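**Q** Sequence and predicted structure, then a few things I'm wondering about:
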Amino acid sequence: MDTVQPPVMDTSPTAPDRDVSAEPSHGAHVSRASTEPTHRWVKDPAKAFTKSALRDRLLGTQFTPPGLRLWFWLAPALTAAIGGLLRFVRLGQPNSLVFDETYYVKDAYSYLQSGYERNWAEKANDLFNQGIFTSLESTAEYVVHPPVGKWMIAFGMWLFGSDSTFGWRFTAALVGTLSIFILALIAQKMFRSTLLGAMAGLLFAVDGHAIVQSRTSLLDIFVMFFALLSFGAILMDRDDGRRRLAAKLSKLANAAGAQGTKGAGSIPAKALLYGPWLGIRWWRLAAGVTLGLCIGTKWSGLFFLAAFGLMSVIWDMNARRIAGIKFWVAGAIWKDGIVAFVSMVPVAAVTYLATWTGWFLSKDAYDRHWAASNPAGPWGWVPDSLRSLWHYHSTAYSFHTGLGSDHPYKANAWSWFVMGRPTSFFVKNFENGDGGCTVDKCTAAVTSLGNPLIWWGGSLALLFLIGVWIAKRDWRAGAILLAFAAGFLPWLFYPLRTIFFFYAIAYEPFMILALVMVLGMVMGKIGDPPWRRQQGAAVVAIFLVLVVALSAFFYPIWAAEMITETYWRQHMWLPSWI
């Protein structure tokens, strides 16, 4: 049997798929005249296809000191606890429907009653705010967003009562808090740093845009949550796939060695043409489910499905290239890509259809029996229920693409980078003596405005990472940029559509990952001189202190606290924020 013994493998940190946290110290040195390589990234060719060597090439050195293992879970949990306090305390305020809660909270109540949306009588909000639900009518309502987010809101109302403003917003606050924990774990895994993971969690915990979205029952917080879960799942799949590849190739090498052909470092040449099939990837299936739920909240989740599916296959291509497979592109497409498509796209589609169960089970939901009165033609083989749902979706798509009504808080997507026009969810003015106001004028407001340092710094970090990816092909920069693009770029295709800044919550976790990655570069690497590390740590510490201080300053206009009108105006740094 023909076998291949590769040359000495160079898995230096300049390789496109390396993690810089696995880099050797800059102080490492080896004599070129040495006959025995001493760099950890230079491997004996006779051991290139052992399991340990393959795992080291594909995954890098992964070791957590015993003293830090507790902090792997504790640090994310502590940041989530901080974020939870900022989200759950006074969650019931304002004690009335605010902004688009008028649609989604009432739809959620309708779901609890009938499993689909029903119309409401005029001026239903006033009665609903009082816990009176007699304005719910028996006719089906035409809505343009899928059911998942509204079912999520309904869960909190089921737990705490439909007349509880805390219950209306409970699930939004819960997933907002869980997202902090998940983002911190993702950052730890990507950057292999407990400190950077905690930093990501802290920034997400104290940012006002995330706080407001978590304290208000709109749909976008759930889009963000399921997109973040999907990103975490494909990140887990990346490592799982590489472990499987290392195990299968090393098994082939061991079999060749047992036959006494070329030794343990040899592998059949045929096996290195395309590489092995890696089996069913369970994390990919999980990503398919969460992406289906993301799309089932808002159709903008489709862009995350496309981006994450593409990214997953590209990662597999690179893994095969690093492992030494000759036709690594074709191998990844044939051995991984087809299975990846089946694992994600059909699973997401089935999950999405399952979210419409209430509509399918109903007798009089909107367009439920459209197909019965419309000839099928060549589509007669499609069940009437699916034809009716397709027609419903086509009309909803026309609505979305044609939505161009004016709104005082609409914001072009380009303005999101600088928070050019944050959305005002709620404003109530008081005069001397009203509601406890002790000065001439007071204001209670909920403004979907982020922490300026986080958002302005995060926008610059995203731009900087473009250069990092071009210069170093760092896979983490590429992953962050692609995830951000999935949440941002689609809105550029609809410049005339009415869109709002709060849609940006979908990509905010990835903007924070970009910011944390840059802050990690500022801190320096382990092998840098102590003075460099100390200066970097001081700069980052000052930045974090300023971020927390700014969040404390802005928190009143995120949580509807009553403040003087003068103090409120001190928060309006840009004229467009008013």
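**A** Cool, the structure landed. Being a predicted model, the structure only gives us computed values, none of them experimental.
**Q** Low-confidence stretches in the stretch 401-550 of the chain?
**A** Residue ranges of the stretch 401-550 of the chain with pLDDT under 70: 404.
**Q** Just the helices from it, written as ranges.
**A** All helices of the stretch 401-550 of the chain, identified by DSSP state H, counting those that start in this stretch, fall at 452-472, 475-488, 508-523, 530-554.
**Q** so which of these comes closest to Gly92?
**A** Closest approach to Gly92 among the helices of the stretch 401-550 of the chain is made by helix 530-554 (20.7 Å; C-beta to C-beta). Where you see a C-beta, it was placed from the backbone N, CA and C, and this is true even at glycine.
**Q** What sits closest to the residue nearest the centre of the chain if chain neighbours are left out?
**A** Nearest to the mean C-alpha position of the chain, counting by C-alpha atoms, centre = their mean, stands Leu228 at 2.5 Å. In space, and not counting its chain neighbours, Leu228 is closest to Pro509: 5.1 Å by C-beta to C-beta, 6 or more residues apart in numbering.
**Q** quick one: low-confidence parts of the chain?
**A** Residue ranges of the chain with pLDDT under 70: 1-46, 62-65, 67, 256-265, 404.
**Q** so the residue nearest to the centre of the chain sits in a strand?
**A** No. With DSSP: H, G, I helix; E, B strand; the rest coil as the criterion, Leu228 is assigned helix and is not in a strand.
**Q** what's the spacing between it and Phe501?
**A** Distance of Leu228 to Phe501, given as C-beta to C-beta, to the nearest Å: 19 Å.
**Q** cool, and Asn412?
**A** Distance, Asn412 to Phe501, using C-beta to C-beta: 10 Å.
**Q** Gly131 too?
**A** Taking C-beta to C-beta, one finds Gly131 at 32 Å from Phe501.
**Q** Between those two, which has more neighbouring residues?
**A** Counting neighbours by other C-beta atoms under 10 Å for Gly131 and for Phe501 shows that Phe501 has the greater number, 22 against 11.
**Q** any shared contact partners between Asn412 and Phe501?
**A** By C-beta atoms under 8 Å, 6 or more residues apart in numbering, Asn412 and Phe501 have these common neighbours: Gly420.
**Q** start to end distance for stretch 562-577?
**A** 18 Å (C-alpha to C-alpha, to the nearest Å).
**Q** in it, what counts as buried?
**A** Using 16 or more other C-beta atoms under 10 Å as the burial criterion, the residues of stretch 562-577 that qualify are Met562, Ile563, Thr564, Glu565, Trp568, His571, Trp577.
**Q** Contact partners for the third one?
**A** With contacts taken as C-beta under 8 Å, 6+ apart, Thr564 has the following neighbours: Val439, Lys441, Cys442, Thr443.
**Q** JSON lines please, covering those and showing neighbour count and distance to Met199.
**A** Shown next, in JSON lines, are these (neighbours: other C-beta atoms under 10 Å; distance: C-beta to C-beta, whole Å):
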{"residue": "Val439", "neighbour count": "13", "distance to Met199": "39"}
{"residue": "Lys441", "neighbour count": "14", "distance to Met199": "39"}
{"residue": "Cys442", "neighbour count": "22", "distance to Met199": "36"}
{"residue": "Thr443", "neighbour count": "22", "distance to Met199": "33"}
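**Q** Excluding chain neighbours, give the residue nearest to Trp573 in space.
**A** Of all residues not flanking Trp573 in the chain, Pro452 sits nearest, at 7.0 Å (C-beta to C-beta, 6+ apart).
**Q** Burial check on the residue nearest to Leu228, number of neighbours?
**A** 29.
**Q** isn't there a strand covering Gln113?
**A** No. Assessed with three-state DSSP, Gln113 is helix; it does not lie in a strand.
**Q** tell me which element Cys294 falls in.
**A** If you go by DSSP states H and E, Cys294 is part of helix 282-295.
**Q** just how off-centre is that helix within its chain?
**A** 12 Å (C-alpha atoms, centre = their mean, to the nearest Å).
**Q** any residues touching that helix, and which ones?
**A** Applying C-beta under 8 Å, 6+ apart, the set of residues contacting helix 282-295 from outside is 146, 148, 223, 226-227, 229-230, 233-234, 236-237, 240, 301-302, 304-305, 308, 312, 339-340, 343-352, 354-355.
**Q** which of the helices of the stretch 401-550 of the chain sits most buried?
**A** Compared across the helices of the stretch 401-550 of the chain, helix 508-523 shows the largest average neighbour count, a mean of 24 (mean count of other C-beta atoms under 10 Å).
**Q** What helices and strands are in contact with it?
**A** helix 165-191, helix 194-206, helix 220-258, helix 452-472, helix 475-488, helix 530-554 (3 or more C-beta pairs under 8 Å, 6 or more residues apart in numbering; DSSP states H and E).
**Q** Among those helices, which comes closest to Phe49?
**A** That would be helix 220-258 among the helices and strands packed on helix 508-523, by C-beta to C-beta, at 3.8 Å.
**Q** where do the helices sit along the stretch 51-200 of the chain?
**A** In the stretch 51-200 of the chain, the segments counted as helices under DSSP H, counting those that start in this stretch are 51-59, 66-88, 101-114, 124-129, 148-160, 165-191, 194-206.
**Q** what comes up buried for the first one?
**A** Buried residues in helix 51-59, defined by neighbour count with 16+ other C-beta under 10 Å: Lys51, Ala53, Leu54, Arg55, Asp56, Arg57, Leu58, Leu59.
**Q** And the fourth one, by the same measure?
**A** For helix 124-129, burial by neighbour count (16+ other C-beta under 10 Å) applies to Ala124, Asn125, Phe128.
**Q** Closest one to Trp390 out of the residues you listed, please.
**A** Looking across these and measuring by C-beta to C-beta, the closest to Trp390 is Ala124, at 30.6 Å.
**Q** Give me the nearest residue to that closest one, chain neighbours excluded.
**A** Computed as C-beta to C-beta, 6+ apart, the closest residue to Ala124 that is not its neighbour in sequence is Ser135, at 3.6 Å.
**Q** In contact with the one you found: list those residues for me.
**A** Here Ser135 is in contact with Trp120, Ala121, Lys123, Ala124, Leu127, Phe128 (criterion: C-beta under 8 Å, 6+ apart).
**Q** Likewise for Leu574?
**A** Per C-beta under 8 Å, 6+ apart, neighbours of Leu574: Met419, Gly420.
**Q** Next: Asp107.
**A** Contacts for Asp107 (C-beta under 8 Å, 6+ apart) come out as Glu117, Glu141, Val143, Lys150, Ile153.
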